[in-house]
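[1] need the 3D shape of this:
(chains A and B)
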2 protein chains.
Amino acid sequence: MSKTRDGNHYVVDTKTLSTGLSSLGALAAKSTSSDSLFQQYDVVVIGAGYCGLVAARDLSITGKKVLLIEGRDRIGGRTFTYDFLQHKVELGGTWIHWGQPNLWSEISRYGLEQSLAESKVFSEPCEVSINFNDSDNSRPVLRDVQTMKSTMQRLIAAYFDVDGQGGRTIFPLPYAKMSNISAVRKYDNLSVGARLQQLVGFTQQEMTLLTANLTAFGSVPPAEQSFLTTLHYYALAGYDYDRLMSMIGRYKLAAGQSDLAARILGEYTGHAIFGKRVEAVNNHGGVVQVALASGDNITARQLICTVPVNCLSDIKFTPPLPPQFTKVKHPNFGGKIILHLDKRIPSWWGLVASPTPVDSLLTDKYSKRNGTFVVGFPPGCNPASNFRVVQDPETFLDHVQRLGVPPSWEARPTDLIWHDWNTDEFSKGQWASWGTGQFGSLKSLMEGANVSKEITLASADWADGWTGFIDGAIAQGRKSALRALSRLDSYKL
Amino acid sequence: MSKTRDGNHYVVDTKTLSTGLSSLGALAAKSTSSDSLFQQYDVVVIGAGYCGLVAARDLSITGKKVLLIEGRDRIGGRTFTYDFLQHKVELGGTWIHWGQPNLWSEISRYGLEQSLAESKVFSEPCEVSINFNDSDNSRPVLRDVQTMKSTMQRLIAAYFDVDGQGGRTIFPLPYAKMSNISAVRKYDNLSVGARLQQLVGFTQQEMTLLTANLTAFGSVPPAEQSFLTTLHYYALAGYDYDRLMSMIGRYKLAAGQSDLAARILGEYTGHAIFGKRVEAVNNHGGVVQVALASGDNITARQLICTVPVNCLSDIKFTPPLPPQFTKVKHPNFGGKIILHLDKRIPSWWGLVASPTPVDSLLTDKYSKRNGTFVVGFPPGCNPASNFRVVQDPETFLDHVQRLGVPPSWEARPTDLIWHDWNTDEFSKGQWASWGTGQFGSLKSLMEGANVSKEITLASADWADGWTGFIDGAIAQGRKSALRALSRLDSYKL
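    The predicted structure is shown next:
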C-alpha cells in the first residue's frame, strides 16, 4: 500500500512517531505521464476530494477532455483511511447515513448499501462518563445512561426552542436553508454560548453536559459557534437528537472512505496530476490558464475549483475572486484523534468539560489485538493555538487518559493516530462548521460560486443541506459538472 | 398543452366526464421521426417512467446510441400531472422528501430544492374525522386532534413491536432490507390483519383507527397486506410515525411530477418512440431484437426493460424470463381520487372504516375558485372488482361525501379527477406494495433482474430502500444504466 505524506501514528511502547501513513487514497493517486498531457482541456478540476472527484467523473463520462489537479499525493481531500490492525482508521470525515441523499446515491451507485460498519457508541447500549473538570482532581464518572438520555433530550429541546416551536420555523426546508432568510438574519449573531446563557432552570452540571454535547456538532468553541449551525443539523435530522447522533456518528463504510473515493476515481477516464500545487488561475475569457507552482501551465475552456474556502486566498485569481471567497474563513480548528487502548472497554461516550485536550471520546470498535479503538475530538480554538499534539504526544495522552477515560477500566493507550487538518496547507481547518455571524453570509458564497462564464467554485463548505459534510461535497461536485457541461455545449438543464 | 389519453375528469354541475387530460407529460413526449431511427442501438430502454427516463438519460450522456420506447403517449409512468384551476393535480405518485436519497439527488441536480409545495394536511395543524361506519346512519365525526395523535402513537408503537425492540431488529439497514433474511422469512406470512388481531387492550374504535391508518401505507386490504411492507416504510422513516407521514404525504414538487420527468427527458439526447407497445423481446446473444405491436423491429446490444412487474408477462421474452418475474404480481389495486369541494374546508384527515369507497381523505390545497382540493384513497381489493368509479361517478361521490366529509362543513364536490391504474394496460395496479408471503420473494426479483448479459430488468417494484416509490425507480434506473454501460465497454465499477 502506498503512503501519503499525511497523518501521524505515535506508538507509546517505542515512543516512535511516524508521519505519513499508508492509504488506498495514495495508492489510487496516479498521475498521467507528462508526455501524455494535452495542451488544452475542456475542463480542469482543481482538487480531488469528493467534490472534485465527482465533478471530474461526471464530466469524463460525457466524453469531455478533463484534467484533475490535486496538490496532495492522495485522493479524498478531508477524508482518508489508514489500515492499522486490519481496522479502517478514518483520519477525516467518517460517518454516513442514508438520510444524506447525495452521498447515499453514490453508495447506491457502487452497490455498497450493505457494506457498512457501525461504531459501537451509537449502535449498542453505551456507557456515558462525564468529567466536570471543576477541580485538579476531577475524574470521569460513569453516569446512569437512561437518566443521561432523558436529561439530554430535555436540554436539547430547551436549547433549540427559540421560537416556541422547537426551532422548526427557521429552516422549514433544511435543503434550502436560506428559504426563511429573515429568521436566519435574526439569529445570525446568536452564538451557542449566548444561547446557553439564555436557558434557565438547569444545574451547572446539566449545562456542562449540554455544552460538551454541542461541540460534537463542529469543534468550535461555544462563544464562536453559530447557534444556527447547530440548529441546521438538528433540522436535517428531523428535530430528533437520537436520529442526529445516528446520522453523524453511527454508520461507516466498511471498506473505508478511501475505497469509495477510489471507486469514483476508478470511473474517471480523464487525466490527472497529483502532488502539484496550483499557484494562479488567469481567466482570459473563453480560455482559463492554470499555473502550477512547478512552473507548468495548462489551459481549459472551463475551470472547476473545489479548494476549501479557507485556502481559496492561496491561489491568485485574475481577475480576483469575489471578496467573500477570500475574506471569509470557517472557524473549525478542532481535531480528531484515534486512540488504541490496550483493553476491550464497553461501548462508551466520554465527555469532558473545558478546558480539556479532548472533549468527546467514543468507542468505535474492538481491535484484533484485544484492544479498543476510541475516537476523540480535541476542541477547536483560534488557529494560532490550535491542535498541536504532534509537539508532545506523551503529555497529550496523559491528559486524555486522566481526564477522559474512566479509571476503573484501567485501560492504557498503546497508539495515537491523527492528522493535523489545521496546519495542512490544503485544508487549513476541519469540516466547515460556520461561526457566529457567518451563517447568513453563506448566502453570498452560495450565490456567488458561479464566478464567471468559465469558472465555477464548488465546495461542501457552502453546500446547501449538509454543509461541510461529504453529502454537500458530492452535491456541489455534481452541480459544478453540470454547469461546466452547460457552458461547453449550451446544454440546457 | 397536449392531452394524454390517461385520466378522467368528471364535472358535477354539467354531469360531463372527460377522459384524457392535458399534461406536460404528454407535451414532452415527442417521437423521433421514423426516417431518423437507426437499425441498431447500443441500448434500448423500454418504459419512460422515472426508471426508464433516468436510465436513458444517463446512457445518452455518455454518448451511447439509445432508443427509449414507451407504450403510453406521455412520460412519467405511474406519475403524471394535470393542470386544473392553476393547481398541479397529481394523478399518480405525488409526495417527495429529502430523506429519499435517489429522488432528492435528482431534485438537487435540477436546483429544485426550494421549489416545493406542501399538502395542508401534514403541514398545518389538522382536524381529524373518523367514521366508524358501524351502522347505516354512521357519519364522520370530528375528534380531538391531540387525543388522536397520542392514541395513534401508542397504537403504532404496539403494532410494530413484534420483537420487543419496536421492530428495529428486522431491518437493521433499511436500504438493504434482506440483510436480516431470517427475520424477513420469520414474519413473511404475517398479514397486517393478523398482526392487528394479536394486539390486545385496545377498543374496537381504536383498532378501526389503526386499520384505516395502515391502509395509507399501500391500498391493500389488511388480510392481504404484508406486515413487513408496513414495517419497512416505518424503518425507512427512522421508526417515527410523524416523520413517516411527513415523508410520504407532505411535500410535493411545486411544478408537478411531470415537470421533473420532463427535465430528465430534456437532458436525454437519444431517440424515442411513444405510443407503441413492445410485443416481444428476442435475445439472440450479443444482440437483442425488440418487436413492436406495430410490426416494427429494432435491435440493440443491450436492453433495459422497466415495465412494471404486473405487466412483465405481457411481453413475450425469448428465452423466457425467470419465472419469478412473470408469476408474481403485487396486490396494490386501490385507487387515488382528487375531489374539488365548493368551500374552503380546514386542514383535515378523514378516515372511514370499511366497507367504504374511500378510506382516507386529505386536504391538499385551496383552489383559486375558493374551493378545496382533497385527495382520497379508495381501498384496494382483488383486481376483478377493483376501483371502477368511471362506471358511476355520481353514486361514488354521494357515498364519499356522506361517509367521508363532516356534514357540518356543508361542502359539496364540484369535480372528481382520477386515473384508473388498475385497468391501465401499462401499470395493472398502483405502486408496488407487497402482500403477505411476498416480501421474502422480493429477494429473487432483486437478485434475478440481471437476466442475461444483454438484458437488465429494472423497476421501483422490487427496488431496495423505497420499494414502489419514485426514489426506488430512480435508483433502479441509474443502476441499470451503469450495468448496460459496463457490458458495452467492459466498464469496471
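
[2] which residues in the stretch 1-150 of chain A form helices?
    Taking DSSP state H, counting those that start in this stretch as the criterion, the stretch 1-150 of chain A carries its helices at A:24-27, A:50-61, A:101-109, A:120-123, A:145-160.

[3] counting contacts, what elements does the third one pack onto?
    If I follow you right, that is helix A:101-109. Under the contact criterion of 3 or more Cβ pairs under 8 Å, 6 or more residues apart in numbering or on different chains; DSSP states H and E, helix A:101-109 touches strand A:95-96, helix A:257-267, helix A:470-489, helix B:101-109, helix B:470-489. C-beta coordinates here come from the backbone N, C-alpha and C atoms, glycine included.

[4] now the residue nearest to the spatial centre of chain A, nearest residue through space, not along the chain?
    Nearest residue to the geometric centre of chain A (Cα atoms, centre = their mean): A:Trp431, 3.3 Å. With Cβ to Cβ, 6 or more residues apart in numbering or on different chains as the criterion, A:Trp431 has its nearest non-adjacent residue at 4.0 Å, and that residue is A:Gly468.

[5] likewise for A:Thr456?
    The spatially closest residue to A:Thr456, leaving aside those adjacent along the chain, is A:Ser480, at 4.6 Å (Cβ to Cβ, 6+ apart).

[6] can you check A:Val307 too?
    Nearest residue to A:Val307 in three dimensions, chain neighbours excluded: A:Gly47, at 5.4 Å (Cβ to Cβ, 6+ apart).

[7] the one you found against A:Val309, yeah?
    No - using Cβ atoms under 8 Å as the test, A:Gly47 is too far from A:Val309 to be in contact (11.9 Å).

[8] quick one: which of these two has more around it?
    Between A:Gly47 and A:Val309, counted using other Cβ atoms under 10 Å in any protein chain shown, A:Gly47 has the larger neighbour count: 29 against 23.

[9] who's in contact with that one?
    With contacts defined as Cβ atoms under 8 Å, 6 or more residues apart in numbering or on different chains, A:Gly47 is in contact with A:Ile69, A:Glu70, A:Gly77, A:Cys305, A:Thr306, A:Val307.

[10] switch the cut-off to 7 Å
    Contact partners of A:Gly47, counting by Cβ atoms under 7 Å, 6 or more residues apart in numbering or on different chains, are A:Glu70, A:Gly77, A:Thr306, A:Val307.

[11] span of stretch A:420-432 from start to end?
    15 Å (Cα to Cα, to the nearest Å).

[12] likewise stretch A:124-141?
    Start-to-end span of stretch A:124-141 (Cα to Cα) is 20 Å.

[13] now do stretch A:303-315
    Between the start and the finish of stretch A:303-315 there is a gap of 13 Å, counting by Cα to Cα.

[14] which outside residues touch that stretch?
    With contacts defined as Cβ under 7 Å, 6+ apart, stretch A:303-315 is touched by A:43-47, A:49, A:51-52, A:55, A:278-281, A:288, A:290, A:321, A:325-326, A:328-330, A:426-429, A:432, A:454-459, A:461-462, A:480, A:484.

[15] restricted to buried residues, select the residues you listed in ChimeraX.
    Typed into ChimeraX, the line below selects the buried ones among the contacts of stretch A:303-315, using 16 or more other Cβ atoms under 10 Å in any protein chain shown:
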select /A:43,44,45,46,47,49,51,52,55,278,281,288,290,321,325,328,329,330,426,427,428,429,432,454,455,456,457,458,459,461,462,480,484
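
[16] the contacts of stretch A:303-315 in strands, which ones?
    A:43-46, A:278-281, A:288, A:290, A:455-457 (DSSP state E).

[17] so where's the stretch 201-350 of chain A uncertain?
    Confidence mapping of the stretch 201-350 of chain A against pLDDT under 70 gives zero matching residues.

[18] show me where it has helices.
    Secondary structure of the stretch 201-350 of chain A, counting by DSSP H, counting those that start in this stretch: helices at A:204-214, A:227-236, A:241-249, A:257-267, A:324-327.

[19] most packed of those?
    helix A:227-236 (a mean of 26; mean count of other Cβ atoms under 10 Å in any protein chain shown).

[20] got the contact list for that one?
    Contact partners of helix A:227-236, identified using Cβ under 7 Å, 6+ apart, comprise A:160, A:167, A:170-171, A:174, A:177, A:184, A:187-188, A:190-192, A:195, A:214, A:217-218, A:244, A:433-434, A:439, A:465-466.

[21] list the buried residues in stretch A:98-118.
    A:98-110, A:112-113, A:115-118.

[22] what pLDDT, on average, does stretch A:484-493 get?
    Mean per-residue pLDDT for stretch A:484-493: 79.

[23] wait, what's in contact with the closest residue to A:Ser441 other than its chain neighbours?
    The spatially closest residue to A:Ser441, leaving aside those adjacent along the chain, is A:Val328, at 6.3 Å (Cβ to Cβ, 6+ apart). Taking Cβ under 7 Å, 6+ apart, we find A:Val328 in contact with A:Val309, A:Gln438, A:Ser441.

[24] recalculate using a threshold of 10 Å.
    By Cβ atoms under 10 Å, 6 or more residues apart in numbering or on different chains, A:Val328 lies in contact with A:309-310, A:312-313, A:434-435, A:438, A:441-442, A:444-445, A:461-462.

[25] kind regards, and thank you for your time.
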